[in-house]
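Chemist: using only what follows, build the 3D model:
(chains A and B)
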Protein chains: 2
Amino acid sequence: MDPELYFEDLTPGRVFDLGTTVVDRDEMLAFARRFDPQPFHVDDEAGKASIFGALAASGWFTASLWMRAYADGVLARATSLGSPGGEEIAWPAPVFAGDELRASMEVVEARRSRSRPSLGLVKLRALLHRGNEVVYRSTFTGMFGTRG
Amino acid sequence: MDPELYFEDLTPGRVFDLGTTVVDRDEMLAFARRFDPQPFHVDDEAGKASIFGALAASGWFTASLWMRAYADGVLARATSLGSPGGEEIAWPAPVFAGDELRASMEVVEARRSRSRPSLGLVKLRALLHRGNEVVYRSTFTGMFGTRG
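Modeler: Got it, this is the predicted structure:
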C-alpha cells in the first residue's frame, strides 16, 4: 500500500482521532507481571490499598495501548521512519481494567531536517482520554519521509 | 518484606546497577505485533531496508525491559508509590534481538512533597547500555514513602 501521509501532510494543529480501546484485565495483568510487577499493578488488594484505589495498569501498558492506536490510525498509512524520543510522558490519572480510552494525536510542530532533506521531524502530542479526563499524555518526535 | 529503600535513601547522585537482560527475539516480536506493528519492528526484510539496518525492537519494549529491571532491582525493596510521569524519553540507538543490555538508575533530585510530607518526589535517570552505547534513556519522577 502506498503511504498517504507524508511529512508535508503532518501540519501543526492537525488532529487525528485514533479511536477507542477497552483495557482488557487479563492482558493488563499479564503485561504487569512481566514488565512492571509492582503490587498495585498485579494484586487487587494491593491496588485497593494503594494511592490508586484499585488495581491500576502499568503506565507502560497504557503507553503501549496508545502506540497501537497510533500505529493503526496513522503509521500504517504514513512514511514513518521511527522516533528518537520525546520530551514529556505523563500519567495524570490511573487506568483501570475495563476502562474505555479514546486515543488521539495532534501535530505540534514540523520541520524538515537540514542535514537530510528527505526526512522531516514532527513533534506530536499523544493523548488517551477516559471521558473528559486525560489518563496519558506524551510529547515526542516522529520522523517521516518527505514527498518526492 | 519490609522495604529497605525509603525516600530518604534515594539521595542525589546515588546509582543503582540493575543488572543485565538479553533481548529475546520471540518476545520482542510478540510485543511489536501487539503494540507497535510497524514493518521494521515485525519483519526482518523491512528492518534491513530501514534506517535501523535490521529488525529493531519497539522503543516501548525497550522501555518495558528497563522497567522490569528497575522493579526487580529497586522497587521490590522500596516504598514506591508510582510515577506521575517524566520529562525525557530517548532511544538514541536501535535495539536488536540478542542484544545484552545493562540497566541502571541514578537519582538526580529528591524533594519532600510540601502538601503531603509523607511522600517524596525523586527525579530519576533511567539508562540501558549496550556496551558503552546508550540505547535508552529517560528522566522521570518516582514517588516514594518517607520514613516514620
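Chemist: just the CA trace of the helix or strand harbouring A:Met67, in CSV.
Modeler: Using DSSP states H and E, A:Met67 maps to helix A:59-73. The C-alpha trace of helix A:59-73 is given here as CSV (Å, rounded to 0.1, in the frame of the first residue of the first chain):
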residue,chain,number,x,y,z
GLY,A,59,2.0,3.2,32.7
TRP,A,60,4.0,1.3,30.1
PHE,A,61,0.9,-0.8,29.2
THR,A,62,-1.1,2.4,28.9
ALA,A,63,1.6,3.9,26.7
SER,A,64,1.7,0.8,24.6
LEU,A,65,-2.1,0.9,24.1
TRP,A,66,-1.7,4.4,22.7
MET,A,67,1.1,3.2,20.5
ARG,A,68,-1.0,0.5,18.9
ALA,A,69,-3.8,3.0,18.2
TYR,A,70,-1.3,5.4,16.6
ALA,A,71,0.3,2.5,14.5
ASP,A,72,-3.1,1.5,13.2
GLY,A,73,-4.6,5.0,12.7
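Chemist: report the mean per-residue pLDDT for it.
Modeler: The pLDDT scores in helix A:59-73 average 98.
Chemist: cool, and stretch A:29-40?
Modeler: Stretch A:29-40 shows a mean pLDDT of 97.
Chemist: kindly report the same for stretch A:130-146.
Modeler: For stretch A:130-146, the per-residue pLDDT averages 97.
Chemist: is chain B contacted by it?
Modeler: Yes: legend: contact between stretch A:130-146 and chain B by C-beta under 8 Å from any C-beta of the partner chain is shown at A:Arg137, A:Ser138, A:Phe140, A:Met143. Placement of C-beta: from N, CA and C, glycine included.
Chemist: buried ones in that stretch?
Modeler: With burial defined by 16 or more other C-beta atoms under 10 Å in any protein chain shown, the residues of stretch A:130-146 counted as buried are A:Arg130, A:Val135, A:Tyr136, A:Arg137, A:Ser138, A:Thr139, A:Phe140, A:Thr141, A:Gly142, A:Met143, A:Phe144, A:Gly145.
Chemist: isn't the third one right up against A:Phe61?
Modeler: This points to A:Tyr136. No: contact status for A:Tyr136 versus A:Phe61: not in contact, 10.2 Å apart, counting by C-beta atoms under 8 Å.
Chemist: mutual contacts of the two, please.
Modeler: A:Val95 (C-beta atoms under 8 Å, 6 or more residues apart in numbering or on different chains).
Chemist: so the residue nearest the centre of chain A versus A:Val95, what's the distance?
Modeler: Taking C-alpha atoms, centre = their mean, the centroid of chain A lies closest to A:Trp66, which sits 3.2 Å from it. According to C-beta to C-beta, to the nearest Å, A:Trp66 stands 11 Å off from A:Val95.
Chemist: which residues do these two both contact?
Modeler: Common neighbours of A:Trp66 and A:Val95, using C-beta under 8 Å, 6+ apart, are A:Leu128, A:Tyr136.
Chemist: just the helices in chain A please.
Modeler: Taking DSSP state H, the helices of chain A run over residues A:25-35, A:39-42, A:44-49, A:59-73.
Chemist: tell me if the longest one is near chain B.
Modeler: Yes: Helix A:59-73 lies in contact with chain B when judged by C-beta under 8 Å from any C-beta; the contacting residues are A:Gly59, A:Trp60, A:Ala63, A:Ser64, A:Leu65, A:Met67, A:Arg68, A:Ala71.
Chemist: what is the most widely separated pair among those?
Modeler: A:Gly59 and A:Ala71 (18.5 Å; C-beta to C-beta).
Chemist: those two: which is more packed in?
Modeler: For A:Gly59 versus A:Ala71, neighbours defined as other C-beta atoms under 10 Å in any protein chain shown are more numerous around A:Gly59 (25 against 20).
Chemist: I'd say the more buried one and B:Ser83 touch.
Modeler: Yes: between A:Gly59 and B:Ser83 there is a contact under C-beta under 8 Å: 6.5 Å.
Chemist: what touches both of the two?
Modeler: A:Trp91.
Chemist: identify the residue nearest A:Gly98 in space, chain neighbours excluded?
Modeler: Using C-beta to C-beta, 6 or more residues apart in numbering or on different chains and skipping residues adjacent in sequence, the residue nearest A:Gly98 is A:Val23, 6.2 Å away.
Chemist: kindly apply the preceding question to A:Val74 instead.
Modeler: Excluding its sequence neighbours, the residue lying closest to A:Val74 (C-beta to C-beta, 6+ apart) is A:Phe16, at 5.6 Å.
Chemist: good, we can wrap up now.
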